[in-house]
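Peer 1: Mind looking at a prediction? Sequence and model below.
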Amino acid sequence: MHNEENNEKKSTMNPCEQLDEETLFMVSQTFKALSDTTRIRILHLLSQRECSVNEIAEELSLLQTTVSHQLRFLKNLRLVKFRRAGTTLYYSQDDQHVMDLLQQAIHHACHD
Ligand SMILES: [Zn+2]
């Protein structure tokens, strides 16, 4: 996806000085991921523990198809990962930055 020249440029650039198109897109995708109440509930649960699709559906009273759909979305953004145990997939959070953002937003929603 990136050539070496681009990577070199990126690593020496202060990330706050200039937002290139790719960075802007990824930032907007991050907030998009956090802009849906179902995804927020799933991410919050996975920030606490690893869960199978069944466990997420049961814990949050959601349809399994809904959970699977949202997990695919979150997996594409590399915000969750899974491991396979037999026929069961166990999902967990895969990005501490975004978990920190979520935690900040929850604190913001709850403070006076
Ligand atoms: Zn606040």
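Peer 2: Cool, got the structure.

Peer 1: how close does the residue nearest to Leu74 when sequence neighbours are not counted sit to His44?
Peer 2: Among residues not flanking Leu74 along the chain, Val80 sits closest, at 4.4 Å (CB to CB, 6 or more residues apart in numbering). To be clear about C-beta, it is placed using only N, CA and C from the backbone, and glycine gets the same treatment. Val80 sits 12 Å away from His44, going by CB to CB, to the nearest Å.

Peer 1: what do you get for Ser92?
Peer 2: Computed as CB to CB, the Ser92 to His44 distance reads 13 Å.

Peer 1: re the thing from before, need the pLDDT of the residue nearest to Leu74.
Peer 2: On pLDDT, Val80 comes in at 98.

Peer 1: show me the contacts for it.
Peer 2: Contact analysis of Val80 by CB atoms under 8 Å, 6 or more residues apart in numbering lists 42-43, 46, 71, 74, 91-94.

Peer 1: Out of these, which is nearest to Lys32?
Peer 2: Leu74 (11.0 Å; CB to CB).

Peer 1: so that closest one sits right up against Ile42, yeah?
Peer 2: Yes: the pair Leu74 / Ile42 is scored as a contact, 7.0 Å apart, by CB atoms under 8 Å.

Peer 1: okay, these two: which has more neighbours?
Peer 2: Of the pair Leu74 and Ile42, Ile42 is the one with more neighbours under other CB atoms under 10 Å, namely 27 against 22.

Peer 1: Quick check: bridge partners of Tyr91?
Peer 2: For Tyr91, the beta-bridge assignment (DSSP bridges) gives partners Cys51, Phe82.

Peer 1: Next, work out how far apart it and Glu58 are.
Peer 2: Distance from Tyr91 to Glu58, counting by CB to CB: 14 Å.
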